[in-house]
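**Student:** Sequence isn't available, so here's the structure alone:
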């Protein structure tokens, strides 16, 4: 198998896992919610510094960037770790439910077979015949080494649905937790871009930060509009309005 075939096979397997676990819908929801959280969190922090600026307190960009980046990183780590544990617990519950359903189905089949009159005609020896070995026969036997891999393959063949579900669950858990952490971290950092290019922020720099965040929120609303096949003017302004409300409340608290 060539490297291209391996990559293609891996992508197809990931696609199958995603379809099994409904990962696409979950990933979109996690991305939008957590990206939105990251933007508003850093927006509130910048508003706090803006209020200090209006009150005559001079703060350089480094004093704003370091805490804001630290907050974004903390949100990202919290999202990855918390999302992983929560998603793993939920997914494991689904796998356990699948195992119980499979076990119950097996028990029902056994009970039906035992109640079948035709099954009562057979004795245990009919299912498990007794084989007698003579000493001469045993001398001709050669020891056979069973590889651990063959045992694992046999176990997978017994319940292929379960093992496939477990693999899909592990994949969905990892991807969902990464999105849960990366989205808010990136959302918080993007709004800080204007502060990277100046040492001492002034009124225009703060306005640029607010404009950048408003554009980000509007585009995020556009993404929601695309998912729902609706107009961007329904979701875009709603996202921007949430940012305006956050800014207004933060400024009132700082007055």
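**Tutor:** Okay, I see it. Remember, predicted model here, so these are calculated numbers, not experimental data.

**Student:** Tell me which helix or strand comes right after whichever strand or helix holds residue 207.
**Tutor:** Remark: residue 207 resides in helix 203-228, with elements defined by DSSP states H and E. Next helix or strand after helix 203-228 toward the C-terminus (DSSP H and E): helix 232-254.

**Student:** Enumerate the positions of that next one that are buried.
**Tutor:** By 16 or more other Cβ atoms under 10 Å, the buried positions in helix 232-254 come out as 235-236, 239-240, 242-243, 246-247, 250. To be clear about C-beta, it is placed using only N, CA and C from the backbone, and glycine gets the same treatment.

**Student:** what sits against residue 181?
**Tutor:** When contacts are counted by Cβ atoms under 8 Å, 6 or more residues apart in numbering, residue 181 is found next to 34, 75-81, 83.

**Student:** Any stretches of the stretch 101-250 of the chain with poor pLDDT?
**Tutor:** Scanning the stretch 101-250 of the chain for pLDDT under 70 picks out the ranges 105-162.

**Student:** repeat that with 50
**Tutor:** Within the stretch 101-250 of the chain, the ranges that satisfy pLDDT under 50 run 122, 124-128, 137, 139, 141, 149-159.

**Student:** coming back round to it: give me the packing partners of the helix holding residue 207, helices and strands only.
**Tutor:** Packing partners of helix 203-228 (3 or more Cβ pairs under 8 Å, 6 or more residues apart in numbering; DSSP states H and E): helix 23-54, helix 160-190, helix 232-254.

**Student:** Adding distance to residue 69, write those out as CSV.
**Tutor:** CSV is the format used below for these (distance: least, Cβ to Cβ, whole Å):
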stretch, distance to residue 69
helix 23-54, 9
helix 160-190, 7
helix 232-254, 19
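
**Student:** So which of the ones you listed is nearest residue 4?
**Tutor:** Go through these one by one with Cβ to Cβ and the one that ends up closest to residue 4 is helix 160-190, at 21.4 Å.

**Student:** tell me which strands and helices the strand or helix carrying residue 99 is in contact with?
**Tutor:** Per DSSP H and E: residue 99 is located in helix 61-115. Helix 61-115 is packed against helix 23-54, helix 160-190, with contacts defined by 3+ Cβ pairs under 8 Å, 6+ apart.

**Student:** try it again with 10 Å
**Tutor:** Using 3 or more Cβ pairs under 10 Å, 6 or more residues apart in numbering; DSSP states H and E as the contact definition, the elements that helix 61-115 packs against are helix 3-21, helix 23-54, helix 117-120, helix 160-190, helix 203-228.

**Student:** Could you check the angle that helix makes with helix 3-21?
**Tutor:** 70 degrees (axes from the mean of the first three to the mean of the last three Cα atoms, to 10 degrees).

**Student:** Just the angle for helix 61-115 relative to helix 23-54, thanks.
**Tutor:** Put simply, helix 61-115 runs at 160 degrees to helix 23-54, going by the same axes, to 10 degrees.

**Student:** nearest to residue 191, of the buried residues of helix 232-254?
**Tutor:** Sorting these by distance to residue 191 puts residue 243 at the head of the list, at 9.8 Å, by Cβ to Cβ.

**Student:** Leaving aside the residues adjacent along the chain, what's closest to that closest one?
**Tutor:** Using Cβ to Cβ, 6 or more residues apart in numbering and skipping the chain neighbours, the partner closest in space to residue 243 is residue 217 (5.0 Å).

**Student:** Does that neighbour touch residue 37 like I think?
**Tutor:** No: taking Cβ atoms under 10 Å as the contact criterion, residue 217 and residue 37 are not neighbours in contact, 11.8 Å apart.
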